[in-house]
Structure formats: structure tokens, C-alpha cells
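Undergrad: no sequence on hand, only this structure:
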């Protein structure tokens, strides 16, 4: 049997330094994997320069709608429709590939999909240390396939991440056979996945994680609070140190009772970044957080 093929789609908007960090990490740690950047109409000069440097790897998309994600889900559908790979890894520009990805990792993806016919999504993300109890209660190790499976109270109504997450490895053929069309929110896609597929599976050896303290766009703009937070935090990418090949090997040999929380395995280049990691820069200080909430509240009132 020929090895399955994995491609990567990266979704970008006006975060040039983050996009460069994401692409650089992909090229370091997933060499030989095909990738395409789907940019949602970036116009910030530094981002445009990064996009130009990536040449034919970039597709310039026209944003549709004014929701909080702009054209994100339309761009995801375009990526799904365009790929010729068996599996498609969906990334955002504020993510980093933090360890070497090798044939064993691809084999594990194949085995999970092969042995779980209703599985369509696999999470490649390290777990957030800020939600330790939540994930330890809801994910149970599957030692046979070396992954984690959802095991929550059936009365729980949330479908993210039980059924779906925006950052995932997708089984392309199964999605196409189902007639899948991305809805306009993560929650709506979770509800759709609940009707069509089994639970999403959590990779035992994830290889991707969110950059801490990143600028978070809402409705294709940064709030004043978000801009202030970025300025206060130094306006630099809080990138991660790559796991060494030896550390990555040891990570793959650990007992699955040791959950893959990012804070336990991945460190930032800047040692002053606090753990557990915070992901929107405005959440790291009280003033930007309040200003951000007030602006979003005002926007909702204005559009009523």
C-alpha cells in the first residue's frame, strides 16, 4: 500500500510575523509536506511583504461577509475542495509546529482513521494547561491506537471539541462523501459533525500549538484593547523552542496517563512568558481586557 498523503492549509489575515513563524516552523519540522496559504485579503504592509516572499504557495482569497472570522470558513471550504491529498491539516497563522513530524506520526493518523470508520477529525494540538481538569475528565487514553477518545457526560451539549475543531487533520474522502460544507462558526460545524460523524480524536503525540499572547481579530479588525495589549507586551511573536529529536522520541514513548499539556512539554523562546499560556494578548492585562469587552459590547449594540 502506498503511504497516505498529507497536505497543509494555513489561513492568514494581517499577522505577517506570525505567518512567517508558522511557515518557518512547518518547513523545519514537516519537510516534504505540501502547503498552501489562504490569505483573507491582508493589506497590512509587513504581512503583504511576507505573502510576496512565499510566492506561489499563497492564494489570495476574497473575504465574504462581516462575521468575526471574515472569510475563514469559505477559505476552509476552498482548501478542502482543492486538495488532492488523503488528509488535510488545517492551521491558522498564529500556530507553530513545535516538534519533528515523521513517518510514525503519519502512520498513527492512518491507523486511527483506518480503525475508526466514523472518525473524520483528529486534533493535532497540544492540550491547554489552563484546562487540565476539563481535558483529563473528558479524554480517555486508547492504548491500542495510541490516541485519546472523548468520554464526557452524554448530557453535555457542547460539540466543540467533542465532534469538531477548526484546527484538525481532516479525512478528505469521508468529508466529500458526506457532502460536507463548512458552516459559519465553530459551534455550527460541531453541530453538523454531530449529525454526520463520530467523535473527534485527540492525537497522543500532538505537534502543533497556539502562540501565546497573539493579537486577536474580531470582525477583521483589532479592538483598541487588543492593539494596546500587543503594544504593552512588546509586539513580538512569543514563539516556541522546537522539541529536539530526542525529546520528541521520548514524548512518543511516554505512558498515555501523562497527558500532552503544552506547558509540560513546550517552552517559549522568551522565558518571561507565563504559564499556563494565555492566547489573546488582551487577556494578559486587566486594562486591555476591559477595553476589549467594552468595544465588543458597543459593536453589538450598534448593529442591533
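TA: Yes, it's here. The shown structure was predicted, so the numbers you read here are calculated from the model rather than taken from an experiment. Residues are numbered from 1 along each chain as shown.
Undergrad: quick one: the helices in the protein, in order.
TA: In the chain, helices defined by DSSP state H lie at 16-29, 45-54, 72-82, 103-115, 132-138, 172-178, 186-196, 224-233, 245-253, 262-265, 286-302, listed in chain order.
Undergrad: including mean pLDDT, distance to residue 207 and mean neighbour count, could these go into JSON lines?
TA: For glycine as for every other residue, the C-beta is placed from the backbone atoms N, C-alpha and C. As requested, the helices of the chain are exported to JSON lines (pLDDT from 0 to 100; distance: least, CB to CB, whole Å; neighbours: other CB atoms under 10 Å):
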{"stretch": "helix 16-29", "mean pLDDT": "97", "distance to residue 207": "7", "mean neighbour count": "20"}
{"stretch": "helix 45-54", "mean pLDDT": "97", "distance to residue 207": "21", "mean neighbour count": "15"}
{"stretch": "helix 72-82", "mean pLDDT": "97", "distance to residue 207": "19", "mean neighbour count": "19"}
{"stretch": "helix 103-115", "mean pLDDT": "97", "distance to residue 207": "7", "mean neighbour count": "16"}
{"stretch": "helix 132-138", "mean pLDDT": "95", "distance to residue 207": "17", "mean neighbour count": "14"}
{"stretch": "helix 172-178", "mean pLDDT": "98", "distance to residue 207": "19", "mean neighbour count": "15"}
{"stretch": "helix 186-196", "mean pLDDT": "96", "distance to residue 207": "21", "mean neighbour count": "17"}
{"stretch": "helix 224-233", "mean pLDDT": "57", "distance to residue 207": "26", "mean neighbour count": "19"}
{"stretch": "helix 245-253", "mean pLDDT": "97", "distance to residue 207": "8", "mean neighbour count": "14"}
{"stretch": "helix 262-265", "mean pLDDT": "98", "distance to residue 207": "11", "mean neighbour count": "19"}
{"stretch": "helix 286-302", "mean pLDDT": "55", "distance to residue 207": "31", "mean neighbour count": "14"}
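Undergrad: closest to residue 6 out of those?
TA: For the helices of the chain, proximity to residue 6 was assessed by CB to CB; helix 103-115 is nearest, at 6.1 Å.
Undergrad: wait, which of the helices of the chain is closest to residue 158?
TA: helix 186-196 (7.5 Å).
Undergrad: list the contacts of the closest one.
TA: Helix 186-196 is contacted by residues 73, 120-121, 158-166, 178, 180, 182-183, 200 when judged by CB atoms under 8 Å, 6 or more residues apart in numbering.
Undergrad: mind redoing it with 6 Å?
TA: Contact with helix 186-196 is made by 159, 160, 163, 164, 166, 178, 183, as judged by CB atoms under 6 Å, 6 or more residues apart in numbering.
Undergrad: dump those to JSON lines, plus distance to residue 196.
TA: Output for the contacts of helix 186-196, formatted as JSON lines (distance: CB to CB, whole Å):
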{"residue": "159", "distance to residue 196": "11"}
{"residue": "160", "distance to residue 196": "15"}
{"residue": "163", "distance to residue 196": "9"}
{"residue": "164", "distance to residue 196": "10"}
{"residue": "166", "distance to residue 196": "17"}
{"residue": "178", "distance to residue 196": "5"}
{"residue": "183", "distance to residue 196": "12"}
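Undergrad: make a PyMOL selection of whichever of the residues you listed turn out to be buried.
TA: This is the PyMOL syntax for the buried subset of the contacts of helix 186-196, where burial follows 16 or more other CB atoms under 10 Å:
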select buried, resi 159+160+163+164+166+183
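Undergrad: in terms of contact, does residue 205 touch residue 252 like I think?
TA: Yes - assessed by CB atoms under 6 Å, residue 205 is found in contact with residue 252 at 5.0 Å.
Undergrad: of the contacts of helix 186-196, closest to residue 18?
TA: The shortest gap between residue 18 and any of those belongs to residue 166, at 15.9 Å (CB to CB).
Undergrad: against residue 210, how distant is the closest one?
TA: Counting by CB to CB, to the nearest Å, the gap from residue 166 to residue 210 is 11 Å.
Undergrad: reformat the helices of the chain as CSV; add distance to residue 152.
TA: Output for the helices of the chain, formatted as CSV (distance: least, CB to CB, whole Å):
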stretch, distance to residue 152
helix 16-29, 31
helix 45-54, 39
helix 72-82, 25
helix 103-115, 19
helix 132-138, 4
helix 172-178, 23
helix 186-196, 13
helix 224-233, 32
helix 245-253, 25
helix 262-265, 21
helix 286-302, 29
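Undergrad: for residue 9, which of these is the nearest?
TA: Proximity to residue 9 (CB to CB) singles out helix 72-82 among those, at 3.8 Å.
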